[in-house]
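A.B. asks: Take this sequence and fold it.
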Amino acid sequence: MENHRVTVELRHRTALDPEIRQDLLDVYADVRAPLLHLPNYRVAVFAERLDRHAVEPGFGLVLGYDGELPVGYAYGNTVEAGDRYWARMTERLPDGYTDTPALAVKEIGVRTPWRGTGTARRIHDALLAERAEDRVTLLVNPLAGDGKVQRLYEAWGYRAFNTQQPSPHSPRLTAMIRPTR
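C.D. replies: You can find the predicted model right below:
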């Protein structure tokens, strides 16, 4: 798989046109295939979230392509004080914690053949590279991959700071944060 790292082209977007949307949905369906039977992971439910996120402030997306095949993605939005992202945290946040905007990475996904090649990290870092926010946050299911996904984010410099359950059908997620740079 070493050749995938070299051949993956990263494409940045700040809007969601129909072709890009379909590419992202195709990768999502492949990445989340084992979970698609669960209500919160269905493609239609993800598509609704994606459409909502795409019109929220500070939307940014990076898609990775091997030739014309979309192989991975990461996207997020700016979250400011008062955003529902912060309001859904389980524990009360310290005073001033949300005073400066942060990038909330809403989704990261990479197709199986490109996992372990550095593609996810390249896509993630490309998303962060063009951001003005000082901090980046994300949510992870601590059970994903028997904890492997959370450990990967820890290796990328994230640290757990809270938990939240974004919807009644979602699992309790670990909220993680790190400096953008």
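A.B. asks: Check which strands are paired with the longest strand along the chain and give the direction for each one.
C.D. replies: Using DSSP state E, we find that the single longest strand of the chain is strand 69-79. In the sheet, strand 69-79 lines up against strand 60-66 (antiparallel), strand 102-110 (antiparallel) (DSSP bridges).
A.B. asks: Only the C-alpha atoms, please, for the following helix or strand past the longest one, written as CSV.
C.D. replies: What it means is strand 102-110. Next along the chain after strand 102-110, taking DSSP states H and E as the criterion, comes helix 119-129. Provided in CSV are the C-alpha atoms of helix 119-129 (Å, rounded to 0.1, in the frame of the first residue of the first chain):
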residue,chain,number,x,y,z
THR,A,119,-3.4,9.1,4.0
ALA,A,120,-5.7,9.9,7.0
ARG,A,121,-3.0,12.0,8.6
ARG,A,122,-2.3,13.8,5.3
ILE,A,123,-6.0,14.6,4.8
HIS,A,124,-6.4,15.8,8.4
ASP,A,125,-3.2,18.0,8.3
ALA,A,126,-4.3,19.5,5.0
LEU,A,127,-7.6,20.4,6.5
LEU,A,128,-5.9,22.1,9.4
ALA,A,129,-3.2,23.8,7.3
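A.B. asks: could you give the angle of helix 119-129 to strand 69-79?
C.D. replies: In terms of direction (axes from the mean of the first three to the mean of the last three Cα atoms, to 10 degrees), helix 119-129 departs from strand 69-79 by 40 degrees.
A.B. asks: and helix 119-129, which residues are buried?
C.D. replies: Across helix 119-129, burial judged by 16 or more other Cβ atoms under 10 Å covers 119-124, 126-128. Any C-beta I mention is one placed from the backbone N, CA and C, and that applies to glycine too.
A.B. asks: quick one, what contacts the residue nearest the centre of the chain?
C.D. replies: The centre of the chain sits closest to residue 107, judged by Cα atoms, centre = their mean, with a distance of 2.3 Å. Listed by Cβ atoms under 8 Å, 6 or more residues apart in numbering, the contact partners of residue 107 are 28, 46, 50, 73-76.
A.B. asks: From these, pick the one nearest residue 102.
C.D. replies: Checking the contacts of residue 107 against residue 102 by Cβ to Cβ gives residue 76 as the nearest, at 9.4 Å.
A.B. asks: partners of the nearest residue to that closest one once chain neighbours are set aside in the sheet?
C.D. replies: Nearest non-adjacent residue to residue 76, counting by Cβ to Cβ, 6 or more residues apart in numbering: residue 105, 4.2 Å away. Residue 105 has these beta-bridge partners by DSSP bridges: residue 76, residue 138.
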